[in-house]
Every structure is written in C-alpha cells, then in structure tokens.
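A.B. asks: give me coordinates for this.
(2 chains)
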Amino acid sequence: MSTSQPAALDIDRIAALARIALTADEKTAFSAQLGDVLTYIALLKEADVAGVEPTAHAFPVENVWAEDVPQPGLPVEVALGNAPAQRDHMFAVPKVVE
Amino acid sequence: MMSSELFFQPVTALAALLASGKISSVELMQALAARTRAVEGRVQAFNSCDEPDALAQARASDARRAAGAARGPLDGIPIGLKDVISVAGQPLTASSRMLANFVSPYDATVTRRLKEAGAICWGRLNLDEFAMGSSTENSATRTTSNPWDLARVPGGSSGGSAAAVAAGEAPVALGSDTGGSIRQPAALCGVVGLKPTYGLVSRYGLIAFASSLDQIGPFARSVEDAALVLGAIAGHDPLDSTSLRSEIPDYRAELERRRGPWKLGIPREYFAEGLDPEVGAAVEAAIGHYRKLGCEIRPVSLPHTKYAVAAYYIIATAECSSNLSRYDGVRYGHRAAGATDAVDLYFQSRAEGFGAEVKRRIILGTYVLSSGYYDAYYLRAQKVRTLIRRDFLEAYREVDAILTPTSPTAAFRKGERAADPLAMYLSDIYTIGVNLAGLPGLSLPCGFTRDRLPIGLQVIGKPFGEAELLAIARAYEKDHDWNREHPNL
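C.D. replies: The predicted structure is shown next:
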C-alpha cells in the first residue's frame, strides 16, 4: 500500500469488519468526523521513518515463561456469573448452524 | 476556600490522626460518606458506592489497629477507584451500557494490594466510556462536573477520580492513563495525578483500552500522598506479562532524601501555538521557582512532538479495536434481544452497548489495521513512536526531568468540544508523548486562572525514575499552598 493515497473510509466495509451495526445517521456523522481525523493523521507522512524500527511496547520484554503447573481458575459458577444466557453450565447463544 | 475539614485532609494527616487514636476509620468513612451525600448531586463523580461495605472495611481496620496490627499509613484510608478497576463482588461498568450489569468476579492486582495495605475501597468513579475521551462527557451513566465550576468538565477520562478528590469525596483515588487520562483531569481539577512508567504497575484486572499505553496511577491532594499510594500498588506481577521487574523504593522516604538541585529541560515544542497565555504564565512562574531553588533550566528539543497526537490516535484505536472485540454479547456484557443468529448477535449487541465515541474509535482502529492500510498507518505510527521515544531519551542525556504545561487550557465548558472529536483529541497534546514513550509523568497544581480554574504543571521523568520525579514535584509543592485551596461547593 502506498502512503500517498488518503483513501476515503468505506464505512460499510469497516463497520462490517468491526461487527457493529450502524444507523444511517451514525454512518453520515462518523464518515465526516473520521474524514477530519484521517486528514489530520496524514501529517505522519511527513515524518522521515527510513530505517527506523517500529516500537510495539516502550520497554520490550522477552517472552515471559511460567512453569507448566496447573493453577486454580474461576469456578464455573463464577465464570458464568455475568453470562447473558446459560444452560447446563455453558454459555447459550442463538443457533449457529442449521 | 481554605478548610481544615476532615474530608479535605491529605492522607498523611489522616494517617497521623488514625495512628494517634484521635479519629477512627469508621468516623473518617462516615465523614466522607456525609460529604459525598452533601455534594454528589452537583459533582456526580461516582457511578456506584457501597457505604455498608466501606463501613465494614473501616470496622475491620479499626479492629486491626485496636489489636496492634495496623498495616501502615494506608490502613483505614478510603480510596476511590476509577470504574475500570475490578473489585470482587462490586459492579464494574466502564461507564458503558455494555457493562451496565457486570459484577467483577475477582480483584485487580492493584485492588488486592490496596486491601493488603488496609485501604478501604470506596466507590467506583465515573469516566469517559471505556476511558475514551478527555472530558468525561462520553460516559453513558452521568455527566461529572468540575468542582471548581460546575458548568465545566473535570477533564478525562478519569474525570470522576479527579473530581472526587477535589470535592472532598475521597482523599485519594486511582485512575488509568492511556494518553493523559490521569494527568489532564488532575490539572483541570487542581489535584496531583501520577502516571507511572509503563510496566511499573500491574494492569491485571484493569479493563483494557490500549494495552501498550494503559497504566494505573494515583490522584492525591499532595505529592507525598501520591508517593504513598504508588508504593502500595507498584511492583512486578506474574499475572501481567508486561509488568517489569524493578526495585520498588520507599517513595515517601526518597522525597526527603533527594534534594536536588536538578537539571530541568524545557521543550520549546510544548510552549508553542495553542497554549493559553494564562496557563503559559503560570507554568513559566513555576519554572522560575525551580531556577530560584538553584536548578539549572535548559532548553531541550523534542522535534517529533508534532506527530504525537496522530501516532497516538492510530496506535490507541488499533489496540482498542482489538481489545473491545471481546464485547460480543456472548459471555458477559450487553446482549441484544431478538438476534437471528450468532453473528447478528454481535452486530446488534455492539450497536446497542457502545456509545458514539467508542464506536468511532473501533471503526478508526479497524480501518488502520485493515488489509492494505496497515503499513501506511499502523506500522508508520509505530516507527514514529520510536522517534518520539528517542527524542525523550536524547533529552535525558542532558537533564533529569522535563517541565511542561499539562494541558494547553484550563477546564473547558461542557459541550464545548463534544461535537468535534479532533478538537477533543488535541486536548491531550502535552500528555500523549509520555505514554508513547512509556515514561512517568506527574501533574501538580501551579496556580489558578483569573476565573479561579486550576492550572497544572507537568513533570516528566526518566523511565522508572518515579522517586526523582516525585522529589522534584515536592520541591515546588512545599513552597506553595495551591493544594490547600478547595472549591466552594
């Protein structure tokens, strides 16, 4: 992807990727507001980043290892304590496959 | 208003009163609860508080003290928690409809540590939904007012924490800071706020916004109180893989030991266009005070500052779009009624559960991570992040700390920036670089505007340099009495 293209944000495509149903009003408002934000963040194109390594974390930490020893977890009742719907000690959801 | 009321005392004074037996923790808790009842209708800092539970914790503290088993200076001291920090058995809403009925199944590590120190967990404080905002106006639960002027915002996202401490509803509180969410509201409400070095305080049990930037820290009425609370919550935690191993000094004792004089850097980029003249004058006066104390004041340059807000809004929204994918209506949180299948359940539950700013940020974050745009936005922002971090580390070869304004303006009016997300984002222009670089930053009161609105001075320290940072802040604070002035409520 070239950095020179300030591509317009396809709100329907992105909302679908984000799994959020937007109203028509939200689409209009967000498109305009995020257009302003994208114009602003295009400022980054000016920065000379040639040969610069990306920073994911301010203090890079190596892999953190733990002994492979079982630890107590949340009891089932507690883990299900905030479930919107449950059945037989499981989370219940609408039918996924016919 | 100068006040000697119990509810405006710093923790150090309250701890002395408790230790000498002049007051009990129950009496202190009752005084705070009464104060809260008196002013909360106007301030609206709390999402929830459980007075019987807090009083039970206070009774337990009094019993320990009576048995000669008091645990230290925080034993019996109430502390408010931003409503993104888990307390087992208590509600945790993130000020979102999404979590309106959520109850924490476990304690955050900071909560566990505070309880071990004997502190009383007192109520959960309002914030911008999922900590996304700079005014606390994005809350789905209530609008918090700035105690100094009820028509103005307390700042954000930890606006409830800042307002509660300023209004006398809690002597100290915890917040979280991703782009300035502790320091900016501390400045706007006239209290001390500290964002620790990334990795010093465990994030386990903190609702995640942007995991590479989020850090928990204290709000307090004095630098010494902030040092006490930091000492209680800091330290390595195996439950947070980004938590770093570092020696935790006795921060309060270090305040006495470290006397300077220090070399202090002034970055010209933080005193440019957009800085309110009254804020600038107060910060210049504070710099002048450090000069009088014998500190060497040096200009430094942070040349990539102008890119910080742009880089931040790419990185933070990218991380939030990933973190908030867990809210899908399946295991916890809001579930839409009448979904036709599992995927429809995600779409509808998220549409109903999230407010406008959260949706906007998820959309932006999803966009910058989407196929074809990753290199242009996210990767480039991470490279700019490297440049911003290098700027600071380069400056720290010359100076011990950096002084800046915390916020370009004092508290703004409610509604003033609500319709313009970009204007709101620019409220954090002086605080965001510190998060990108992972550094500790502290805001402390350094004066008032003509309209009696507090002004904050930001002191930025070296990585894991909290002891020095607190000592530098204390050196200014001990010659001023801004923190003994309180709002008329």
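
A.B. asks: for the nearest residue to B:Arg245 once chain neighbours are set aside, helix, strand, or coil?
C.D. replies: Nearest non-adjacent residue to B:Arg245, counting by C-beta to C-beta, 6 or more residues apart in numbering or on different chains: B:His236, 4.8 Å away. Bear in mind the C-beta positions are built from the backbone N, C-alpha and C, glycine included. Secondary structure for B:His236, judged by DSSP: H, G, I helix; E, B strand; the rest coil, is coil.

A.B. asks: tell me who's in contact with B:His236.
C.D. replies: B:Ser202, B:Ser243, B:Leu244, B:Arg245, B:Ser246 (C-beta atoms under 8 Å, 6 or more residues apart in numbering or on different chains).

A.B. asks: of these - the most surrounded one?
C.D. replies: Using other C-beta atoms under 10 Å in any protein chain shown as the neighbour criterion, B:Ser202 leads the contacts of B:His236 with 24 neighbours.

A.B. asks: how far away is it from B:Ser222?
C.D. replies: Between B:Ser202 and B:Ser222 the computed distance is 24 Å (C-beta to C-beta, to the nearest Å).

A.B. asks: same check, this time on B:Ser25
C.D. replies: Going from B:Ser25 to B:Ser222 by C-beta to C-beta gives 20 Å.

A.B. asks: okay, these two: which has more neighbours?
C.D. replies: More crowded of B:Ser25 and B:Ser222, by other C-beta under 10 Å: B:Ser25, with 27 against 23.

A.B. asks: so what pLDDT did that one get?
C.D. replies: On the pLDDT scale, B:Ser25 is placed at 98.

A.B. asks: do B:Leu457 as well
C.D. replies: In this prediction, B:Leu457 carries a pLDDT score of 98.

A.B. asks: same thing with A:Pro94?
C.D. replies: For A:Pro94, pLDDT reads 88.

A.B. asks: what is the neighbour count of it?
C.D. replies: Using other C-beta under 10 Å, A:Pro94 is surrounded by 15 other residues.

A.B. asks: hang on, isn't it packed against B:Ala342?
C.D. replies: Yes. Counting by C-beta atoms under 8 Å, A:Pro94 touches B:Ala342, with 5.6 Å between them.

A.B. asks: common neighbours of these two, please.
C.D. replies: Between them, A:Pro94 and B:Ala342 share no contacting residue under C-beta under 8 Å, 6+ apart.

A.B. asks: for the stretch 151-300 of chain B, which residue gets nearest to chain A?
C.D. replies: Closest contact between the stretch 151-300 of chain B and chain A, by C-beta to the nearest C-beta, is at B:Ser241 (4.3 Å).

A.B. asks: excluding its backbone neighbours, what's nearest B:Arg335?
C.D. replies: In this structure, B:Arg335 finds its nearest non-sequential neighbour in A:Pro84, 3.6 Å apart by C-beta to C-beta, 6+ apart.

A.B. asks: dump the residue contacts of that neighbour.
C.D. replies: For A:Pro84, the contact set (C-beta under 8 Å, 6+ apart) comprises B:Gly329, B:Val330, B:Tyr332, B:Gly333, B:His334, B:Arg335.

A.B. asks: from B:Arg389, how far off is the residue nearest the centre of chain A?
C.D. replies: The structure's chain A has its C-alpha centroid closest to A:Ala18; by C-alpha atoms, centre = their mean the separation is 7.3 Å. Using C-beta to C-beta, we find A:Ala18 at a distance of 29 Å from B:Arg389.

A.B. asks: do B:Ala15 as well
C.D. replies: Applying C-beta to C-beta, the value for B:Ala15 to B:Arg389 is 38 Å.

A.B. asks: cool, and B:Tyr313?
C.D. replies: As judged by C-beta to C-beta, B:Tyr313 and B:Arg389 stand 17 Å apart.

A.B. asks: counting neighbours, go ahead and name the busier of those two.
C.D. replies: Per other C-beta under 10 Å, whichever of B:Tyr313 and B:Arg389 has more neighbours is B:Tyr313, with 26 against 20.

A.B. asks: for the residue in the stretch 351-489 of chain B positioned nearest to chain A, which non-adjacent residue is closest in space?
C.D. replies: Of all residues in the stretch 351-489 of chain B, B:Gly438 sits closest to chain A, at 2.3 Å by C-beta to the nearest C-beta. Leaving out its chain neighbours, the residue that sits closest to B:Gly438 by C-beta to C-beta, 6+ apart is A:Ala58, at 2.3 Å.
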